[in-house]
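J.: no sequence for this one, just the structure:
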């Protein structure tokens, strides 16, 4: 697939925390929270790198072909949609870094709202639940 090379090391707990703080700051339209996260990211990979890696972690489990699934045309199409989405985000970061940070974050937020959020659940609550799950995986890795 054309998205970020696999295998790669998983995000560290600190990187997971920063990436989700960035998403939550954008979701909440909080300039102060966003400035704080950007300031903290000086010690770790740039926000675009963190968000691209997080996008993979959020999108691929939903769109990839499941190893135990009975493949059909729809499952192959969904797999391609995930690959195309990640490739487009990666290309965006090469072409226009400043806007790609917002674009990647908003893509993850919209994916969460439209695909992952449970009926009646708030997007912020879904993001916080995802952060907890990703932190647990990062600590286990």
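T.: Structure received. On a predicted model such as this, the values are computed, not experimentally measured, just so you know.

J.: ok, residue 126 to residue 23 distance?
T.: Remark: distance between residue 126 and residue 23 (C-beta to C-beta, to the nearest Å) = 11 Å. Backbone N, C-alpha and C define where each C-beta goes, glycine included.

J.: which residues make contact with the helix-or-strand element of the chain with minimal mean pLDDT from outside it?
T.: Ranked by mean pLDDT, DSSP states H and E, the weakest helix or strand in the chain is helix 31-40, scoring a mean of 77. Helix 31-40 has contacts (C-beta atoms under 8 Å, 6 or more residues apart in numbering) with 18, 21-22, 24-26, 47.

J.: Please apply the same query to stretch 64-78.
T.: 63, 79, 82.

J.: likewise stretch 130-137?
T.: Stretch 130-137 is touched from outside by 10-11, 13, 16-17, 20, 24, 54, 57-58, 112, 116, with contacts defined as C-beta under 8 Å, 6+ apart.

J.: wait, which of the contacts of helix 31-40 is closest to residue 120?
T.: Nearest to residue 120 among these: residue 24, at 19.7 Å, using C-beta to C-beta.

J.: Give me the nearest residue to that closest one, chain neighbours excluded.
T.: In this structure, residue 24 finds its nearest non-sequential neighbour in residue 127, 5.9 Å apart by C-beta to C-beta, 6 or more residues apart in numbering.

J.: What strand or helix carries the one you found?
T.: Assessed by DSSP states H and E, residue 127 sits inside helix 123-140.

J.: Pull out the buried positions in that helix.
T.: 123, 126-127, 130-131, 134-135, 138 (16 or more other C-beta atoms under 10 Å).

J.: I'd assumed residue 56 was in contact with residue 63.
T.: No. Taking contacts as C-beta atoms under 8 Å, residue 63 lies outside contact range of residue 56: 10.4 Å.

J.: on that earlier part again, chain center to the helix holding residue 127: distance?
T.: How far helix 123-140 lies from its chain's middle: 11 Å, per C-alpha atoms, centre = their mean, to the nearest Å.
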